[in-house]
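Novice: predicted model and sequence follow; I will ask about them next.
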Amino acid sequence: TGVMPFVALLLLQRRPVAGRALLVTGSGCPGHSLCRSNVQEQTRRQVAVLNATAQELFSLYLKCQGEPFSSETDKLCNPAGIFFPAFRINRTSERKEVMVAMYKLFAFLNASLGNITRDQEELNPMAKDLLDRLHNTTKTTRGLISNLTCLLCKNYNIFQVDVRYGESSKGKSAFKKKQQGCQVLRKYVQVIGQAARVLLPHLSPS
């Protein structure tokens, strides 16, 4: 657990970390200075892009891991045993609650993508399509985190979000690294669709 300023947020997300971290922007929110004028529309687009590409990323990941992952996907990629942020919100949830849950989800996902990308650069350095897709997904996720941070500050003066990150795969066997990535991406596919359905109406132009 630690406290760090907003400017360190995206640097933090690049490190595959486990445990808990606090995001703090100082004594209070800087407010409008962090936000672009089209931040709401940009956030909508980022969530839509992640939702539209999640299944393709998972399928490409599976293809690059080879056997037994291709033939035993349901067994090996079952995400039941891994930590993933609880996502217990729906269309009737308060907008503030939705935004906080989204921040926790995508901060976790961003750190997990860092883990997966590092492992795949080691295990599958020639898998250019997969690595490009992982880098692009990470880039979109980082932009989304930045926009959610802005919206939380601007709309609710929230400058402290408690985030729990997943387990690092560092030091694990090649098989375990592949499996952990597979489990996280499988869960991501399941959750991102629900997240998009819940969040997008809250970001619709009023």
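Specialist: Looks like it arrived, so ask away. Numbering: from 1, shown residues only.

Novice: what about residue 184, how many neighbours?
Specialist: The number of residues packed near residue 184 is 26, by other CB atoms under 10 Å. Bear in mind the C-beta positions are built from the backbone N, C-alpha and C, glycine included.

Novice: and for residue 110?
Specialist: By the measure other CB under 10 Å, the count of residues near residue 110 is 24.

Novice: any idea how far the helix or strand encompassing it is from the middle of the chain?
Specialist: Taking DSSP states H and E as the criterion, residue 110 maps to helix 95-123. Chain-centre distance of helix 95-123: 2 Å, with CA atoms, centre = their mean, to the nearest Å.

Novice: and for stretch 86-96?
Specialist: Using CA atoms, centre = their mean, the distance between the centre of stretch 86-96 and that of its chain works out at 17 Å.

Novice: need the distance between the two termini of it.
Specialist: End-to-end span of stretch 86-96 (CA to CA, to the nearest Å): 16 Å.

Novice: what's the closest non-adjacent residue to the residue nearest in space to the middle of the chain?
Specialist: Centroid-nearest residue in the chain, with CA atoms, centre = their mean: residue 109, separated by 2.4 Å. Nearest residue to residue 109 in three dimensions, chain neighbours excluded: residue 141, at 5.8 Å (CB to CB, 6 or more residues apart in numbering).

Novice: could you tell me which ranges of the chain sit under the pLDDT cut-off?
Specialist: 1-34, 205-206 (pLDDT under 70).

Novice: what segments of it are helices?
Specialist: Assigned by DSSP state H, the helices in the chain fall at 9-14, 39-65, 73-76, 95-123, 128-156, 174-202.

Novice: how about TSV for those, with distance to residue 165 added?
Specialist: Listed next are those as TSV, based on distance: least, CB to CB, whole Å:
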stretch	distance to residue 165
helix 9-14	9
helix 39-65	18
helix 73-76	23
helix 95-123	5
helix 128-156	13
helix 174-202	11
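
Novice: most tightly packed of those?
Specialist: helix 95-123 (a mean of 21; mean count of other CB atoms under 10 Å).

Novice: gap between residue 168 and residue 114?
Specialist: When distance is defined by CB to CB, to the nearest Å, residue 168 is 9 Å away from residue 114.

Novice: try residue 81
Specialist: Using CB to CB, residue 81 is found at 21 Å from residue 114.

Novice: also residue 90?
Specialist: Counting by CB to CB, the separation of residue 90 from residue 114 is 29 Å.

Novice: and residue 99, by the same measure?
Specialist: 23 Å.

Novice: equivalent analysis for residue 142, please.
Specialist: Counting by CB to CB, the gap from residue 142 to residue 114 is 10 Å.

Novice: okay then, goodbye and thanks.
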